[in-house]
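Asks: Below are the sequence and a predicted model for it; my questions follow.
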Amino acid sequence: MTALVLLGHGARDPVWAEPLERVRARLARARPELAIEVAFLEFMLPTLAEAVAALVARGATCVVVVPVFLAQGVHLKRDLPALLDELRGRHSACDVRLAAAAGEAPEVIAAIVAHAAAQADGEI
């Protein structure tokens, strides 16, 4: 079974996680066969390790970590590869993969452009 982790940075304010939870809810409606967890690098729970462990416990044999970040910054270039190496060692029977940052996908860039243009047109 393939599963997804939607990975956010995290923040001290719990309201910050609400958009990521809405993404998970919409994705779950669109792809009900997928097991999906939300996780955070810092400040919030669950951690990436906790989310992957939960998915493995549910039978995941492949976990794709989708960073819901705008770009590949320090966390994604340095911190996340080390975390993933640790998780691969801990869950050797599971293929743990890393997707590109969501903000780098052409369709996400197009959505941001459309949103910004709508703001300029007064469609707030």
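Replies: Received, thanks.
Asks: Give me the next element, helix or strand, following the helix-or-strand element of the chain with minimal mean pLDDT.
Replies: Ranked by mean pLDDT, DSSP states H and E, the weakest helix or strand in the chain is helix 74, scoring a mean of 78. Proceeding N to C from helix 74, the next assigned helix or strand is helix 80-90, under DSSP states H and E.
Asks: Name the residues of that following helix that come out as buried.
Replies: Buried residues in helix 80-90, counting neighbours by 16 or more other CB atoms under 10 Å, are found at 80, 83-84, 87. Where C-beta positions appear, they are placed from N, C-alpha and C, glycine not excepted.
Asks: Could you do stretch 39-48 as well?
Replies: With burial defined by 16+ other CB under 10 Å, the residues of stretch 39-48 counted as buried are 39-41, 44, 47-48.
Asks: just to revisit the earlier point, who touches the least confident helix or strand of the chain?
Replies: By CB atoms under 8 Å, 6 or more residues apart in numbering, no residue outside helix 74 reaches it.
Asks: go on, stretch 1-10?
Replies: Residues outside stretch 1-10 that contact it (CB under 8 Å, 6+ apart): 16-17, 20, 23-24, 27, 34-44, 48, 51-52, 55, 58-69, 75, 80.
Asks: can you check stretch 94-109 too?
Replies: Contacts of stretch 94-109 (CB under 8 Å, 6+ apart): 52, 56, 60-72, 76, 80-81, 84, 87-88, 112.
Asks: Quick one: mark the members of these that sit in helices.
Replies: The helices, defined by DSSP state H, take in 52, 56, 80-81, 84, 87-88, 112 from the contacts of stretch 94-109.
Asks: farthest pair in the buried residues of stretch 39-48?
Replies: Spatially, the most separated pair among the buried residues of stretch 39-48 is M44 and L48, at 11.1 Å (CB to CB).
Asks: Show the contacting residues for T47.
Replies: Contacts for T47 (CB under 8 Å, 6+ apart) come out as 39-41.
Asks: Return the item of these having minimum pLDDT.
Replies: Ranked by pLDDT, these bottom out at L41 (94).
Asks: Quick one: residues contacting that one.
Replies: Applying CB under 8 Å, 6+ apart to L41 gives the contacts 7-10, 47-48, 75, 79-80.
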